[in-house]
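Undergrad: Task: produce atomic coordinates for the following.
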Amino acid sequence: MAVTIHDVAKGADVSVSTVSRAFTMPDMVNAATRRKVLQVAEELGYQPNRAARGLVTGKTGNIGVVVPDVANPFFSAMLKGCTARAREVRHVVFLADAAEDPRVEAEVVGAMAKQVDGVVLCSPRMHPDHLARLVGTTPLVLINRDEAGLPAVLMDSADGARQALEHLAALGHRRVAHLAGPAASWAGEQRLVGLRAAAPVCEVETIELGPFPPTFQGGVQAADLALARGVTAILAFNDLMAVGVLNRLAARGVAVPSDVSVVGYDDIEMSSMTTVPLTTVRMPMEAGGRAAVDLLLDNLDAGADPDATPTRRWLPTQLIVRSTTAPPSQDAAARALAGR
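TA: A predicted model of the protein is given here:
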């Protein structure tokens, strides 16, 4: 038979109401008593009724997480961080995949609003006006999107792009293609900011191409366009695109890194497993998911304050040098010069 609140009360030698308060209003229970109740509950395998708890506290214990594409390993890692942190604080994650469609993002937030205590929006693509309409429907925290009035966890994409370009410049590259991802990506915009600031300092000409789908096939498509521009190095929007670039370069007999160097973004697991391990910019994906859950719960505990400045937590990025970058060969440098 299922363990009940009465079993926990009997095991902890306290009243049923004390057990209830230990789970729903822990600040009203003596710390030693609360620890004893929780220990007995764990030993017995007791699971409090979330629906009943919600009637008392007004909270569901659920957190919504919306991602643009659950098949993208970047968002899978971010989701792993969200669920791990939520589990540590006795919350459950409800996941929605928006399929890279801004309209779906708005729809699922609306559908989730009454079932969760708040929603984490990972790299939302929707227009700022549409995002503004969601404010007030449920507490929101953004990851990799900076919009006025909303708390956010932001990864320093601009600095990551700077690190990547400085690395290529130090190797001797002077003509570099940048393959953009989704047009509505805030992180993509930040990378362009970093590239455009670093390019003149590094004495590098950047060729901006795209937007392209942030997928393997998007990289395959983009590789031919980059080669046609006579570049010696390619910066891809993410590692999935970079792997697609590597695949297309191999099919065309272009050697990496002697003919063309390639840099990805994210440092997903497969980036170190490619035939030529991929140089990439590491994004703190799991850390970002964990930080977003903490930020959401902190805001819920603090309560709504319309005059408060929204919290922004910045996380650093790091260049990871592997084997897809090297000094350009003399032939590659000559082709780049001819392409200017």
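Undergrad: What helix or strand is D117 located in?
TA: D117 is part of no helix or strand when elements are defined by DSSP states H and E.
Undergrad: With A86 instead?
TA: Assigned by DSSP H and E, A86 belongs to helix 73-88.
Undergrad: Work out the gap between that helix and the centre of the chain.
TA: Relative to its parent chain, helix 73-88 has a centroid offset of 9 Å by CA atoms, centre = their mean, to the nearest Å.
Undergrad: Stretch 18-37 too?
TA: Relative to its parent chain, stretch 18-37 has a centroid offset of 35 Å by CA atoms, centre = their mean.
Undergrad: Could you give me the buried positions within it?
TA: Neighbour counts using 16 or more other CB atoms under 10 Å place T18, V19, S20, R21, A22, F23, T24, V29, T33, R34, K36, V37 of stretch 18-37 among the buried residues. All C-beta spots, glycine's among them, are computed from the backbone N, C-alpha and C.
Undergrad: Would you mind confirming that the first one makes contact with T33?
TA: Yes - under the contact definition of CB atoms under 8 Å, T18 touches T33, with a separation of 6.6 Å.
Undergrad: Check which element follows the helix or strand of the chain with the lowest mean pLDDT along the chain.
TA: Each helix and strand of the chain was given a mean pLDDT (mean pLDDT, DSSP states H and E); the minimum falls on helix 50-57 at a mean of 51. Per DSSP H and E, helix 50-57 leads on to strand 62-67 as the next helix or strand towards the C-terminus.
Undergrad: what's that next one packed up against?
TA: Applying 3 or more CB pairs under 8 Å, 6 or more residues apart in numbering; DSSP states H and E, one finds that strand 62-67 contacts helix 73-88, strand 92-97, helix 102-112, strand 119-122, helix 285-302.
Undergrad: for the first one, packing partners?
TA: Going back to what we said before, that points to helix 73-88. Using 3+ CB pairs under 8 Å, 6+ apart, helix 73-88 is in contact with strand 62-67, strand 92-97, strand 119-122, helix 239-251, helix 285-302.
Undergrad: got the contact list for V153?
TA: Neighbouring residues of V153 by CB atoms under 8 Å, 6 or more residues apart in numbering: V141, L142, I143, N144, G288, A291, A292, L295, R312, R313, L315.
Undergrad: Give me the phi and psi angles of the first one.
TA: Right, the one you point to is V141. In terms of degrees, to the nearest 10, the main-chain angles of V141 are phi -130, psi 130.
Undergrad: Test my guess that it contacts L296.
TA: Yes - counting by CB under 8 Å, V141 touches L296, with 4.5 Å between them.
Undergrad: which residues are in contact with both of T18 and T33?
TA: Contact criterion CB under 8 Å, 6+ apart; residues shared by T18 and T33: A12.
Undergrad: ok, which stretches of the stretch 201-340 of the chain are helices?
TA: Counting by DSSP state H, counting those that start in this stretch, the stretch 201-340 of the chain has helices at residues 216-228, 239-251, 285-302, 330-339.
Undergrad: Quick one: distance of stretch 243-254 to the chain centre.
TA: Centroid separation for stretch 243-254 versus its chain: 27 Å, with CA atoms, centre = their mean.
Undergrad: Give me the buried positions along that stretch.
TA: So, applying 16+ other CB under 10 Å, buried residues of stretch 243-254: V243, G244, V245, L246, N247, R248, L249, V254.
Undergrad: Quick check: the fourth one vs D266, distance?
TA: Counting by CB to CB, to the nearest Å, the separation of L246 from D266 is 15 Å.
Undergrad: could I have the one helix or strand R21 maps to exported to CSV, CA atoms only?
TA: Using DSSP H and E, R21 maps to helix 16-24. The C-alpha trace of helix 16-24 is given here as CSV (Å, rounded to 0.1, in the frame of the first residue of the first chain):
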residue,chain,number,x,y,z
VAL,A,16,-0.3,15.1,10.8
SER,A,17,-0.5,18.9,10.6
THR,A,18,3.2,19.2,11.5
VAL,A,19,4.1,16.8,8.6
SER,A,20,1.9,18.9,6.3
ARG,A,21,3.6,22.2,7.4
ALA,A,22,7.0,20.6,7.0
PHE,A,23,6.3,20.2,3.3
THR,A,24,4.1,23.2,2.5
